[in-house]
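K.L.:
sequence and computational prediction follow.
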Amino acid sequence: MSDERPKRPLPPGWRWAKLGEACQNSIKIRDPREAPDQDFLYVDISSVDSERKAITAARAMKGQDAPSRARQVIHTGDVLVATTRPNLNAVCLVPPELDGHICSTGFCVLRAAAEVTSLYLLFFVQSPHFVETISSLVTGTIYPAVRDGDALEMQIPLPPLDEQRRITARLSEQMAQVGRARRAAEAEVEAVKALPAAFLRHIFESDEAKRWPRVSLGQLGDVAYGITKDPSRSSGWNQIPYLRVANVQAGWFDLEEVLTLHVDPSEYRETLLKPGDVLFIEGNSKELVGRCALWDGQVTPCAHQNHVLRARVKKGTAVSPSFVYLFARSPQGQEYFLSQAKQTTGIATMNSSQLKSFPLPLPSFAEQQSVVGLLEAVFAHSERARQSAQAHVDAVNALPGALLEEVFGCFGPPA
């Protein structure tokens, strides 16, 4: 967080200190493997929720199973600062239930000195000033990290103990208010995201929709698998982009990374996607089965992998591809795909025959266009509302940094 305001001198009674001087030098090292049958709780970086600044998943294990980095004995009130990828700010306070247990050497353990409170240290290591400074000291690319010594050398503005308590009480209340605002803003985002499904259900479960005739998707068009990827396709001369499962999201295409493969001229025409194709995910997990999006020629030419099924309405058929896609995305459509999914050893899939049998309501073409127009307007409105709600979340998420910067980043550097 850049701040162009002039820096202030420390108030009377405050002083600058190295972070290491604000902490006890009493962190003990213990190898749990020396007591192989003894149970302990282990905190590594994955145990810390960097958003909530809390330990959410300490792992229970026996000493004989301890990883080589499980060495530091922690106590209630210790502040843990992840030294790997410090820009993610995985920091937390050790709760009473983890007193005497073990954390990874991937943390710098801060144990407050007599005239320093743990909460003051915790707020300091969350401040943009601390995060930006320590992130600038990172070395390594595969395993970007800083040394404990780098963190302990950082300068911290230290007020008297009573002032620390006053500051942390105020910050704790402000952070609680931010947390409540964040939850409300996130609930607003989730409510807006639910609108499209609610409107789809309203349209396709209406009394009018129940009177529409039903036909199978296979009667209206062609359903086909994509190209089976094998090593020979990675080196062929005729490389074209193709869509993988990761590219086909629920209602949109993630085209940030589109890979290529070789397509032989003899299969070229049958392979390429066309605007109006509806693409369905074959499966893998239950939540993936039937995930779909409507292709609009965003990448040309473009093929698709065999785990992505393509449905194409026949020429001359009075069927709107957008109508097919919207019904497939509706709760009714998704319920069909889930009901058809074959699940074995944790893998759920559907095949082309099941997709061809997909029962589609078919009103007149004019009614289809009316439904499509209405739903597209609803989706556009919902997306604008989602963006507005997300902007609210982003603004709330920026508040902690601003509050902490006002305490820790507003003072000039020590003389």
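P.N.:
Perfect, thanks for sending it.

K.L.:
contact partners of stretch 382-394?
P.N.:
Stretch 382-394 is contacted from outside by Arg182, Ala185, Glu186, Glu188, Val189, Val192, Lys193, Leu195, Pro196, using C-beta atoms under 8 Å, 6 or more residues apart in numbering. For glycine as for every other residue, the C-beta is placed from the backbone atoms N, C-alpha and C.

K.L.:
and it, what's buried?
P.N.:
Ser382, Ala385, Arg386, Ala389, Gln390, His392, Val393 (16 or more other C-beta atoms under 10 Å).

K.L.:
which ones among these are found in helices?
P.N.:
Within these, residues falling in helices by DSSP state H are Ser382, Ala385, Arg386, Ala389, Gln390, His392, Val393.

K.L.:
could you dump these into TSV and include distance to Trp212 and pLDDT?
P.N.:
As requested, these are exported to TSV (distance: C-beta to C-beta, whole Å; pLDDT from 0 to 100):
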residue	distance to Trp212	pLDDT
Ser382	24	92
Ala385	29	94
Arg386	30	92
Ala389	34	94
Gln390	36	93
His392	39	94
Val393	39	93
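
K.L.:
of those, closest to Ala60?
P.N.:
Closest to Ala60 out of those is Val393 (34.4 Å), distances taken as C-beta to C-beta.

K.L.:
how far off centre is stretch 379-391?
P.N.:
In this view, stretch 379-391 has its centroid 19 Å away from the chain centroid, taken as C-alpha atoms, centre = their mean, to the nearest Å.

K.L.:
ok, stretch 203-222 next?
P.N.:
Distance of stretch 203-222 from the chain centroid (C-alpha atoms, centre = their mean) equals 36 Å.

K.L.:
how about the CA coordinates for it, as PDB?
P.N.:
Output of stretch 203-222 as PDB, limited to C-alpha atoms (Å, rounded to 0.1, in the frame of the first residue of the first chain):
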ATOM      1  CA  ILE A 203     -39.000 -20.100 -16.200                       C
ATOM      2  CA  PHE A 204     -38.600 -23.800 -16.700                       C
ATOM      3  CA  GLU A 205     -40.800 -25.000 -13.900                       C
ATOM      4  CA  SER A 206     -43.700 -22.600 -14.700                       C
ATOM      5  CA  ASP A 207     -47.100 -23.900 -15.600                       C
ATOM      6  CA  GLU A 208     -46.600 -22.800 -19.100                       C
ATOM      7  CA  ALA A 209     -43.300 -24.700 -19.400                       C
ATOM      8  CA  LYS A 210     -45.000 -27.900 -18.200                       C
ATOM      9  CA  ARG A 211     -47.200 -27.700 -21.300                       C
ATOM     10  CA  TRP A 212     -44.300 -27.500 -23.700                       C
ATOM     11  CA  PRO A 213     -43.700 -30.700 -25.700                       C
ATOM     12  CA  ARG A 214     -40.500 -32.600 -24.900                       C
ATOM     13  CA  VAL A 215     -37.900 -34.000 -27.300                       C
ATOM     14  CA  SER A 216     -34.500 -35.600 -26.700                       C
ATOM     15  CA  LEU A 217     -31.400 -33.600 -27.500                       C
ATOM     16  CA  GLY A 218     -30.300 -36.300 -30.000                       C
ATOM     17  CA  GLN A 219     -33.500 -35.700 -32.100                       C
ATOM     18  CA  LEU A 220     -32.500 -32.000 -32.600                       C
ATOM     19  CA  GLY A 221     -28.900 -32.300 -33.400                       C
ATOM     20  CA  ASP A 222     -25.500 -34.000 -33.300                       C
END
